[in-house]
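Peer 1: show me the folded form of this:
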Amino acid sequence: MADETLDAKGLNCPLPILKAKKALKGMDDGKVLEVISTDPGSIADFQAFCRTTGNELMEHATNDGVYTFLIKRVV
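Peer 2: I've put the predicted structure just below:
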């Protein structure tokens with residue numbers, strides 16, 4: 001279950017990542033951000049983002065061209 005949701009549909013790289021970074025910065029450790037995107041590149045982008053920032057990519061799903069990510073703030 002997400003604590004906050006970021007609707008990044010219609011935005012292309014790097015905007016979904018930048019908006020997620022800003023949203024996570026304002027959240028407490030352990031809170032979960034749900035990001036919804038339509039950018040196909042966002043799968044690799046969010047995997048790399050979490051790997052480099054130390055945040056946890058809890059899950060991601062794809063449904064009819066909509067990509068959903070659950071990211072836990074851990075840093």
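Peer 1: list the contacts for the residue nearest the centre of the chain?
Peer 2: In the chain, the C-alpha closest to the average C-alpha coordinate belongs to residue 35, at a distance of 4.3 Å (C-alpha atoms, centre = their mean). If you count contacts by C-beta atoms under 8 Å, 6 or more residues apart in numbering, residue 35 has them with 5, 6, 8, 16, 20, 42, 46, 68, 69, 71. From N, CA and C alone the C-beta is placed, and that goes for glycine too.
Peer 1: tell me if I am right that it is in a strand.
Peer 2: Yes. Residue 35: assigned to a strand according to DSSP: H, G, I helix; E, B strand; the rest coil.
Peer 1: make a markdown table from the contacts of residue 35 and add secondary structure, distance to residue 59 and pLDDT to it.
Peer 2: Shown next, in a markdown table, are these (DSSP: H, G, I helix; E, B strand; the rest coil; distance: C-beta to C-beta, whole Å; pLDDT from 0 to 100):
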| residue | secondary structure | distance to residue 59 | pLDDT |
| --- | --- | --- | --- |
| 5 | strand | 14 | 98 |
| 6 | strand | 15 | 99 |
| 8 | strand | 17 | 98 |
| 16 | helix | 16 | 97 |
| 20 | helix | 15 | 98 |
| 42 | helix | 14 | 95 |
| 46 | helix | 11 | 98 |
| 68 | strand | 8 | 98 |
| 69 | strand | 8 | 99 |
| 71 | strand | 9 | 99 |
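Peer 1: let me know the closest of those to residue 29.
Peer 2: Proximity of the contacts of residue 35 to residue 29 was ranked by C-beta to C-beta; the top entry is residue 71 with 12.4 Å.
Peer 1: that closest one pairs with what?
Peer 2: Under the criterion DSSP bridges, residue 71 forms beta bridges with residue 33, residue 57.
Peer 1: just the buried subset of the contacts of residue 35, please.
Peer 2: Among the contacts of residue 35, the ones that count as buried by 16 or more other C-beta atoms under 10 Å are 6, 8, 16, 20, 42, 46, 68, 69, 71.
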